[in-house]
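K.L.:
compute the structure for the input listed below.
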Amino acid sequence: MVLLGRIKPKFIKNVARYLVANYFDLLKDIWDKAEEIKQLTGNAELAGEFRFNSYKRVVDRLTNIRSKKVRNKVAGAIIRLMHQILILERVTLEELRAKYYLRLPETTETSESKEISA
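P.N.:
Prediction:
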């Protein structure tokens with residue numbers, strides 16, 4: 001019998017990828033704290049619960065998602081994506097950042113100074 005994962009809607013995956021690409025350091029700190037909890041207590045379930053609840057709060061603060069169900073799904077997608085990056089090494093952070101990294105538009109001041117210096 002083959003067990004297959006649940007299919008998540010594309011927008012949930014996209015929000016998770018965007019958050020991981022742009023806030024990786026914050027999410028990595030949470031991941032590391034959860035691993036520390038796991039080592040100190042020997043309780044993987046407690047560490048997973050800490051990780052999930054922390055990611056829920058991050059999603060709540062960094063997005064405008066108000067639905068509890070969608071917020072929880074995005075937090076779960078972040079956990080899965082972080083696991084793929086850190087443990088399984090299926091996805092690289094560079095791949096995510098190439099597509100989902102927030103690029104700030106250049107101000108007119110910087111583009112004018114480039115023209116002057118050229």
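K.L.:
now do residue 27: how many residues are near it, please.
P.N.:
When neighbours are defined as other CB atoms under 10 Å, residue 27 has 23 of them. (C-beta placed from N, C-alpha, C; glycine too.)
K.L.:
report the separation between it and residue 7.
P.N.:
Here residue 27 is placed at a distance of 23 Å from residue 7 (CB to CB, to the nearest Å).
K.L.:
do the same with residue 102
P.N.:
From residue 102 across to residue 7, the span is 27 Å (CB to CB).
K.L.:
what sits against residue 65?
P.N.:
15, 59, 71, 74 (CB atoms under 8 Å, 6 or more residues apart in numbering).
K.L.:
show me where the protein dips below the pLDDT cut-off.
P.N.:
Screening the chain residue by residue with the criterion pLDDT under 70, one finds the ranges 1-6, 103-118.
K.L.:
now do the helices in it.
P.N.:
Chain-ordered helices for the chain, with DSSP state H as the definition, fall at 10-22, 24-41, 44-62, 68-83, 93-100, 108-117.
K.L.:
from memory residue 90 sits against residue 82, does it?
P.N.:
No: Residue 90 sits out of contact with residue 82 when judged by CB atoms under 8 Å, with a separation of 11.5 Å.
K.L.:
quick one: the most centrally placed residue in the chain and residue 62, what's the gap?
P.N.:
The geometric centre of the chain, computed from its C-alpha atoms, lies nearest to residue 20 (CA atoms, centre = their mean), at 2.6 Å. As for residue 20, its distance to residue 62 is 11 Å (criterion: CB to CB).
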